[in-house]
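K.L.:
Here is a sequence together with a model predicted from it:
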Amino acid sequence: MSAPGNALIRRMRAEDGITLVELIVAMALTTVIVTAAVGFYISGAKATSLAENVDYATRQASNGMSEMSRMIRAATANPIANPTPGNPTTVPAVVSAATNSVTLFAYVNLTGSNESPVKVTFALDTTNGQLVETIYPATSTLPGSNGHWDFAAAYSSKRILCDSLPTGLQLFHYLPVGGPPEMTPPGTDPTGLANIRSIQITLTVQPGPSSTAVTLTNSVGMPNLGFTNPDSGS
């Protein structure tokens, strides 16, 4: 065959394109690359979401723990207006104590220049998984050295300290004046309430069922009551 004919054949073969085998190999390599890229993206997205959930839960738990610790540490017994001889001159600092709620008097001035206590309730809303703080400011005091502060529900204010709290966990644990073991929550029994030395808070926040839960625990003493709490150094 002449040289021009050979050149024509070579040019035709060069213009034939890729073969079926080459196409299959190229598709397989593309599939591997795309699969790897998608896997890296999904792994990165999961890691980012996990970090965001942990950060959110940590901030929520820290905010709730800080506020509850501040109020409990400032717990103060409320004087009785006209105590009878031989009976206590004050009512206990803790008004009610349950597994997931506590109400107490705290000498923390939040509204004015006068030194007045507040009544505060921390309670777990199990329906919405929220930790709710309700504050009742002092509205009046009777004259005399044993003046008794009153607290009106009409002037109360509420706010959500944190959310995403799982149900089935005990938020508050109570330790008596004599130390461990832990007390059974006394409810509204005055004798049991007067015997509370410190409150241990176990606060768990979990943004979602598959999210990592963040749990903070703190034992908070009530130094205003004259007790010593070795757990918190108060």
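P.N.:
Sure thing, it's come through.
K.L.:
CA only for contacts and neighbour counts going forward, please
P.N.:
OK.
K.L.:
Give me the mean pLDDT for the longest helix seen in the chain.
P.N.:
Counting residues, the longest helix found in the chain (DSSP state H) is helix 20-73. The average pLDDT for helix 20-73 rounds to 82.
K.L.:
Output the contacting helices and strands for that helix.
P.N.:
With contacts defined as 3 or more Cα pairs under 8 Å, 6 or more residues apart in numbering; DSSP states H and E, the packing partners of helix 20-73 are strand 101-106, strand 157-162, strand 196-205, strand 214-221.
K.L.:
Ile33 is nearest to which of those?
P.N.:
strand 214-221 (37.2 Å; Cα to Cα).
K.L.:
Output the lowest mean pLDDT helix or strand found in the chain.
P.N.:
helix 3-14 (a mean of 56; mean pLDDT, DSSP states H and E).
K.L.:
So what touches the lengthiest strand in the chain?
P.N.:
Assignment by DSSP state E gives strand 130-141 as the longest strand of the chain. Identification of contacts with strand 130-141 by Cα atoms under 8 Å, 6 or more residues apart in numbering yields 64, 111, 116-125, 147-153, 155-165.
K.L.:
just stretch 64-75 next, same as before
P.N.:
Under Cα under 8 Å, 6+ apart, the answer for stretch 64-75 is 93-94, 104-108, 120, 122, 131, 161-162, 199, 201, 203, 216, 218, 220-225.
K.L.:
Now list the buried members of the residues you listed.
P.N.:
Among the contacts of stretch 64-75, the ones that count as buried by 16 or more other Cα atoms under 10 Å are 93-94, 104-108, 120, 122, 131, 161-162, 199, 201, 203, 218, 220-225.
K.L.:
Low-confidence regions, the protein specifically.
P.N.:
Along the chain, segments meeting pLDDT under 70 span 1-17, 41, 44-50, 81-83, 88, 109-115, 140-148, 226-234.
K.L.:
Touching, Pro181 and Leu175? I think so.
P.N.:
Yes - applying Cα atoms under 8 Å, one finds Pro181 in contact with Leu175, separated by 7.0 Å.
K.L.:
neighbour count winner among these two?
P.N.:
Leu175 (22 against 9; other Cα atoms under 10 Å).
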